[in-house]
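Q: Got a sequence here, can you model it:
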Amino acid sequence: MERQNLNGPSANAAQPMLKSKASKQDAVSFLIDNHRKVRSLFKVIDHMKSEPDGSDRMELVRKVCTDLLVHMAVEESIFYPALNDRLHHDGIIDHAVADHENTRALIMQLVKIEIANTLFESRVRALSAYVDEHFQEEEGEMFPEARKADIDLAALGQELKDATELMRSHYGRSVRSSSRQREM
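A: Residues are numbered from 1 along each chain as shown. This is a model prediction of the structure:
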């Protein structure tokens, strides 16, 4: 890759180009950033458990559920198919998809119960632990393999970002709808 000389009069002209390149994440970095955000939300949710009202906490639980549903859909529809024939670990994709199915089941259980229900806390903890274990598996096994594979991770990252934005509105409505049905 050719480096630009940033000394001299052309330095200011090169800055916007460098910023735009830096703002684009490759697929693995994009997914790891998603993992970091989800983990952070779970920490905030855990710290809020002593709040008397619980409505803000419930809103964060809905958000993390939506974020997870979107994340899983994007991985399954774009990232996993791109890796499927290029990974050297048999069954790694199948295992990840099975993890997603279990995560969806935990989410559906969680959004259907009241925050005051004694099961709510254990379901939040179970979802957090299960998701964290899945993230560790991806980050420790799948993502290093993806970096070694012959895949345009930059283009794939942009595709993941675009799909995430598109899917977020769909899944946001689905989770809110499930929550409203629970409240009725």
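Q: so where's the protein uncertain?
A: By pLDDT under 70, the weakly predicted segments of the chain are 1-23, 88-89, 171-184.
Q: And the helix or strand hosting residue 110, how far out from the chain middle?
A: Assigned by DSSP states H and E, residue 110 falls within helix 92-111. A distance of 13 Å separates the centroid of the chain from that of helix 92-111, by Cα atoms, centre = their mean, to the nearest Å.
Q: contacting residues around it?
A: For helix 92-111, contacts defined as Cβ atoms under 8 Å, 6 or more residues apart in numbering pick out 61-62, 65, 68-69, 72, 75-76, 80, 83-84, 87, 120, 123-124, 126-127, 130-131, 134, 137-138, 141-142, 145, 175, 178-179, 182. For glycine as for every other residue, the C-beta is placed from the backbone atoms N, C-alpha and C.
Q: Tell me where this structure has helices.
A: With helices called from DSSP state H, the chain shows them at 11-23, 27-47, 55-74, 80-83, 92-111, 118-137, 143-148, 153-183.
Q: What about residue 129, how many residues nearby?
A: By other Cβ atoms under 10 Å, the residues close to residue 129 number 12.
Q: If you could redo that for residue 119, that was the one I meant.
A: The number of residues near residue 119, taken as other Cβ under 10 Å, comes to 12.
Q: Leaving out sequence neighbours, find the closest residue to it.
A: residue 113 (5.7 Å; Cβ to Cβ, 6 or more residues apart in numbering).
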